[in-house]
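S.K.: Quick one, fold the following:
(one chain, ligands or ions: 1)
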Amino acid sequence: AQTAQTAQTAQTAQTAPKPNVVVLATGGTIAGAGASAANSATYQAAKVPVDKLIAGVPELADVANLRGEQVFQIASESFTNDRLLTLGKRVSALAKDPGVDGIVITHGTDTLEETAFFLTLTVHTDKPIVVVGSMRPGTAMSADGTLNLYDAVVAAGDKSSRGKGVLVVMNDDILSGRDASKRINIKTSAFGSQWGALGSVVEGRTYWFRAPVKRHTNASEFDIDRIDGLPTVAIVYGSGEMGTWGAEAAVKAGAKAIVHAGTGNGSVPDYEVETLRRLRAGGVHIIRSARVPDGFVLRNSEQPDDKYDWVVAHDLNPQKAKILAALALTRTNDTKELQRIFWEY
Ligand SMILES: NC(=O)C[C@H](N)C(=O)O
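M.R.: Residues are numbered from 1 along each chain as shown. Next up, the predicted model:
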């Protein structure tokens, strides 16, 4: 009986139509190449074209009908707002295509968390969008890109991934694009979230344990199809003896908002308070976040945000807060609205 059932399962797998998944390649280490197999950290990112990446994992053909598109070939530290918009608009167009069931974006890991958050805030779709990278180039021993890509394609082709916002698949984990963050820069377990993974991919199957509750994709008020530019938002990193020059220089350079990556609970040094209040009075928004990777910044604790007309970034790290602030400023200049947005997304 078991043999009959195994045969039937195999036949169902063969006859069930495979999902159509598009791989959008942007570069990164997952497309990297090093001089020797021992080079896990010394290599050139963004070398291998998308068709070669796909051809390198023949098992992909078992789980999806795949085609690749080379959007960029860059290391992800070189992402700009313009590139984010180009990528977002392409993802949105593909998501509207009835012949596309899911989208995978291969991406460098350095700014993968920004791109994943940006897409989850701006692309209106239920279809799975999965961002994936690797920590070792394909030429290295124990390269992690092949399994990560396979897992990403599995997740993107799986109906159970729909409506969960943009996902990050790395190292067997399925994470929310909202709060997945690069937390270790030398190991394959690079990505995590203080709120935990949503699920796992194991041997070509997805397993889910939670779902995001914050607004995303179809429920978002931001729409990539209507955004053609983003304002400059600067992150000013908090430390002892940080001075006030970082904030001043950011505003001189045209920043419309400053994400203050404060110490502790988004603290502001006594000697900087008046500078930030003056910049706010001049129209620049001050968003208090924290350089501490976990936890969240409380409103009116540490600083009287109501009195100063400042915003807090909630649990978003500075780089995520920068993305949300830039998007929010395309729609409002009102502090209360900005704060609402930071609570809701
Ligand atoms: N692991 C990586 O992908 C790092 C690389 N610097 C990138 O972000 O493109």
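S.K.: what about the closest residue to the ligand within the stretch 101-250 of the chain, which SS state?
M.R.: At 2.0 Å from the ligand, G108 is the closest residue in the stretch 101-250 of the chain, using CB to the nearest ligand atom. Backbone N, C-alpha and C define where each C-beta goes, glycine included. Counting by DSSP: H, G, I helix; E, B strand; the rest coil, the backbone at G108 sits in coil.
S.K.: wait, isn't V71 in contact with L87?
M.R.: Yes: when contacts are counted by CB atoms under 8 Å, V71 is listed as touching L87 (5.7 Å).
S.K.: got any residues that touch both of the two?
M.R.: Common neighbours of V71 and L87 (criterion: CB atoms under 8 Å, 6 or more residues apart in numbering): 24, 26.
S.K.: Looking at those two, which is more packed in?
M.R.: Applying other CB atoms under 10 Å to V71 and L87 shows that L87 carries more neighbours, namely 22 against 19.
S.K.: Please tell me how far the more buried one sits from the ligand.
M.R.: Using CB to the nearest ligand atom, to the nearest Å, L87 is found at 14 Å from the ligand.
S.K.: you'd agree that residue is up against I103?
M.R.: No: with contact defined as CB under 8 Å, L87 does not reach I103; the gap is 10.6 Å.
S.K.: The ligand contacts on the protein?
M.R.: Residues of the chain lying near the ligand by CB under 6 Å from any ligand atom: 28-29, 45, 75-77, 108-110, 133, 135.
S.K.: Narrow the residues you listed to just the buried residues.
M.R.: Neighbour counting with 16 or more other CB atoms under 10 Å marks 28-29, 45, 75-76, 108-110, 133, 135 as buried within those.
S.K.: Going by distance to L198, which of those residues wins?
M.R.: Nearest to L198 among those is G133, at 17.5 Å by CB to CB.
S.K.: Quick one: residues contacting the residue nearest to D101 when sequence neighbours are not counted.
M.R.: Closest residue to D101 apart from its sequence neighbours, by CB to CB, 6 or more residues apart in numbering: P19 at 3.9 Å. By CB under 8 Å, 6+ apart, P19 lies in contact with 64-65, 101-102, 156-158.
S.K.: if I look at L87 and I103, which residues touch both of them?
M.R.: In contact with both L87 and I103: L24, using CB under 8 Å, 6+ apart.
S.K.: which secondary element of the protein has the worst mean pLDDT?
M.R.: Least confident element among the helices and strands of the chain, by mean pLDDT, DSSP states H and E: helix 2-15 (a mean of 51).
S.K.: Show me the contact partners of the next helix or strand after that helix.
M.R.: Per DSSP states H and E, the first helix or strand lying C-terminal to helix 2-15 is strand 20-27. Strand 20-27 is contacted from outside by 31, 45-46, 49-50, 53-54, 64-76, 83, 87, 90-91, 94, 99-108, 149, 153, 156-157, using CB under 8 Å, 6+ apart.
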